[in-house]
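# here is a sequence with its predicted model. Questions after.
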Amino acid sequence: MKIKGFLCTTTAATNEEYKEVLKKRNIWIAVLALTGVLIAGSAFLAHQSQTAALPDQALGVYCGFGTGIFLAGILLFMKNIILLHNEEKLKQSRLENADERLDEINKKAARATLMIMMFVITAAGMIFGIFEPVLFKAVIFVIDMFLFSYIIAFVYYKKKM
């Protein structure tokens with residue numbers, strides 16, 4: 001089952017509008033790829049310089065995670081470049097991702113995922129925080145950041161829309 005429109009729905013009505021959307025996405029995709037390089041590179045440098053006591057398993061996780069993010073970013077970037085240079089594929093992609101039904105599915109799926117993740121983060125933080133107090137603080141920080149960013153985004157989109 002192919003998940004169409006996953007994190008890439010659009011309201012672009014023309015290929016020119018869609019090209020602009022893809023160019024903006026490519027900026028974020030480049031930031032994503034750079035973040036992957038920074039994650040893997042930081043872990044590797046910390047391990048090599050022995051400034052942080054990273055176990056081999058943690059080093060592998062950080063390097064693998066960073067490399068995976070980097071590779072995913074590069075692949076998405078290349079996919080968008082190909083779309084930008086092929087009008088037929090660009091039109092097909094725009095039509096697949098401009099479906100209002102897909103947009104509504106994405107919104108509902110994001111809401112459900114958000115609620116589940118907030119529950120899991122809160123429950124895990126409260127339970128494991130008993131044994132490791134720093135986890136409790138980390139969970140409170142994540143929840144506070146979520147609420148703060150939600151309020152800012154809500155105000156921004158309320159004014160914009």
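Everything's here; your move. Numbering: from 1, shown residues only.

# average pLDDT across the longest helix seen in the chain?
Across the chain, the helix with the greatest residue count (assigned by DSSP state H) is helix 15-49. What helix 15-49 shows for mean pLDDT is 92.

# and that helix, what does it pack onto?
helix 56-84, helix 87-97 (3 or more C-beta pairs under 8 Å, 6 or more residues apart in numbering; DSSP states H and E). (Glycine included, C-beta is placed from N, CA and C.)

# tell me the angle it makes with helix 56-84.
Put simply, helix 15-49 runs at 160 degrees to helix 56-84, going by axes from the mean of the first three to the mean of the last three C-alpha atoms, to 10 degrees.

# distance from the chain centre to helix 15-49, please.
Mean C-alpha position of helix 15-49 versus that of the full chain (C-alpha atoms, centre = their mean, to the nearest Å) differs by 10 Å.

# how about that helix, which residues are buried there?
Neighbour-count burial for helix 15-49 flags 18-19, 21-22, 25-26, 29, 32-33, 36, 39-40, 43, 46-47 (criterion: 16 or more other C-beta atoms under 10 Å).
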